[in-house]
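Student: I'll drop the sequence and a predicted model, then ask my questions.
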Amino acid sequence: GNIEPKLDWLQQRLDLDDMAVSKMIQRLPTILGYSIPDKLEPTLDWLQQRLCLTDDGLSNLMQRFPALFSYSVDNNTEPTLNFYIVALGDEGEALTLL
């Protein structure tokens with residue numbers, strides 16, 4: 001089916017080995033149901049731009065918090081991130097709570 005291209009895409013986009021992709025899928029199996037152009041790519045692009053992350057930084061973030069893929073950027077991630085940044089006064093600290 002369409003799982004193989006998704007796995008390949010995740011590996012390439014986040015520079016992951018087979019084990020890292022496997023762990024990510026185990027933690028968030030629904031990731032396999034997400035559309036690359038409608039969900040996965042926009043989420044990664046937004047997080048990378050919003051948080052000024054390098055490719056390595058983005059990869060590390062998504063490996064630690066694959067659930068970020070499940071959030072709606074507009075409805076969840078941006079307001080939540082802004083709340084923590086204001087509350088903590090530190091974007092790096094806010095990320096540890098997401």
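Tutor: Received the coordinates, thanks. Numbers count the residues shown, from 1 in each chain.

Student: pLDDT score assigned to the closest residue to Leu14 other than its chain neighbours?
Tutor: Distance criterion Cβ to Cβ, 6 or more residues apart in numbering; nearest residue to Leu14, sequence neighbours excluded, is Ser59 at 4.3 Å. In short, each C-beta sits where N, CA and C put it, glycine included. Ser59 is assigned a pLDDT of 95 by the prediction.

Student: Report the contact partners of Ser59.
Tutor: Counting by Cβ atoms under 8 Å, 6 or more residues apart in numbering, Ser59 makes contact with 14-16.

Student: Might one say that Leu81 is in contact with Arg50?
Tutor: Yes. Leu81 is in contact with Arg50 according to Cβ atoms under 8 Å; the separation is 7.4 Å.

Student: For PyMOL, write a command that selects the buried ones of the contacts of Ser59.
Tutor: In PyMOL syntax, the buried subset of the contacts of Ser59 is picked out as below (16 or more other Cβ atoms under 10 Å):
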select buried, resi 14+16
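
Student: among the contacts of Ser59, which are in helices?
Tutor: Leu14 (DSSP state H).

Student: hey, where'd the helices end up in this structure?
Tutor: Using DSSP H, helices in the chain cover 3-14, 18-27, 41-50, 55-64, 78-88, 91-97.

Student: Out of the ones you listed, flag the one nearest Gly33.
Tutor: Closest approach to Gly33 among these is made by helix 3-14 (9.1 Å; Cβ to Cβ).

Student: And for that closest one, what's in contact with it?
Tutor: 16-18, 20-21, 24-25, 31-32, 34, 36, 40-41, 44, 55, 58-59, 62-63.

Student: If burial is judged by neighbour count, which of those pass?
Tutor: 16, 20-21, 24-25, 31, 40, 44, 58-59, 62.

Student: count of residues packed around Asp56?
Tutor: Look at Asp56: counted by other Cβ atoms under 10 Å, it has 10 neighbours.

Student: quick one: contacts for it?
Tutor: Contacts of Asp56 (Cβ under 8 Å, 6+ apart): Asp15.
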